[in-house]
Every structure is written in structure tokens, then in C-alpha cells.
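*Asks:* Structural data only, the sequence is not supplied:
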């Protein structure tokens, strides 16, 4: 189940971020996203209601949204939660008039690059030294509505 993130979800979202992402984020980052665009902050929940993943989107302009963070706890990966989160964010973006989604991913993160490519994203730009540790990234662009 996918639903809008709430303040009550933030401790669990932060825990997933700490265990799943290779950059460190202050807890306040998640509150910032929630306040900046509440509709673009979504969580995936198990059948028991436990938050197992999240996506943080941001408005980059009237016709473009960004995916700042997407993570699913390790035990729940490869079961569709990431795909559902991405699809739900795309629907929210369309509802608000956006037609393009962009994101940045570490160049060495082949699994994430494959995930996004299989969902219609293309590599658009190399971003040398993009990450805090000097790591390189690729900017990927996709449509809000994926042609099937």
C-alpha cells in the first residue's frame, strides 16, 4: 500500500534512509521535504501497516518534479514497493501538471540505473563530483506518464 507520508512516519523513514542510502542526511531533511511538497512524500507499507520504503519528491518548476530520495528496506526489496512508489509519484506529478521527472544516481549504482531505465528513464547528463564524498552521478530524466 502506498500513502502520503506524515510526520509520524519520519522516524521510520529516517531509519530506512540510514540503513539503505550511502549518503548521510540530517533528520531535518525529511521534514523539509514534507513541508516543501507534502503530496510528493510517499511511503510504502506492508500489509501490517509498517513503513517499508519511501520516496521524497520535490517541485523543480511548474512542469518538472525531482526525486530526491527513494529507498526500500533491504528485506522488502524486489517485491514491487520501489516501482509502486515511483508510479505513485508520477501520478501525483501528472495531477499537478508536471510532465517530466528527474533524479540523480551514483554512476556505480548499476542496480538503481537499471531500475530507472526499465521504467523509462534515460541518462541525460554526467555530474562529476556530485556527492559529498566526491562521487560521480548521472542525471536521469523520465516522463511522468510511462508508455507501456
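*Replies:* Received it, and whenever you're ready, just let me know what you need. The structure displayed is predicted, hence computed values, not measured ones.
*Asks:* any chance you could map the helices in this protein?
*Replies:* Residue ranges of the helices in the chain, as given by DSSP state H, are 10-20, 27-36, 81-95, 110-117.
*Asks:* from those helices, which stretch is densest packed?
*Replies:* A comparison of the helices of the chain by mean neighbour count, using mean count of other C-beta atoms under 10 Å, puts helix 81-95 on top with a mean of 19. For the C-beta atoms, the positions are set from N, CA and C on the backbone; glycine is no exception.
*Asks:* And the contacts of it?
*Replies:* Residues from elsewhere that reach helix 81-95, judged by C-beta atoms under 8 Å, 6 or more residues apart in numbering: 2, 39-40, 42-44, 52-55, 57, 65, 67, 70, 72, 99, 101, 115, 119, 144-146.
*Asks:* in this structure, what residue sits furthest out from the centroid?
*Replies:* Most distant residue from the mean C-alpha position of the chain: residue 48, 22.5 Å away (C-alpha atoms, centre = their mean).
*Asks:* what's the angle from the longest strand along the chain to helix 27-36?
*Replies:* Using DSSP state E, we find that the single longest strand of the chain is strand 51-61. If you take axes from the mean of the first three to the mean of the last three C-alpha atoms, to 10 degrees, strand 51-61 sits at 60 degrees to helix 27-36.
*Asks:* Quick check: which helices or strands does strand 51-61 pack against?
*Replies:* Applying 3 or more C-beta pairs under 8 Å, 6 or more residues apart in numbering; DSSP states H and E, one finds that strand 51-61 makes contact with helix 10-20, helix 27-36, strand 41-45, strand 64-72, helix 81-95.
*Asks:* What mean pLDDT does it get?
*Replies:* If you average the pLDDT over strand 51-61, you get 94.
*Asks:* Over to stretch 133-148?
*Replies:* 83.
*Asks:* same deal with stretch 72-91?
*Replies:* 92.
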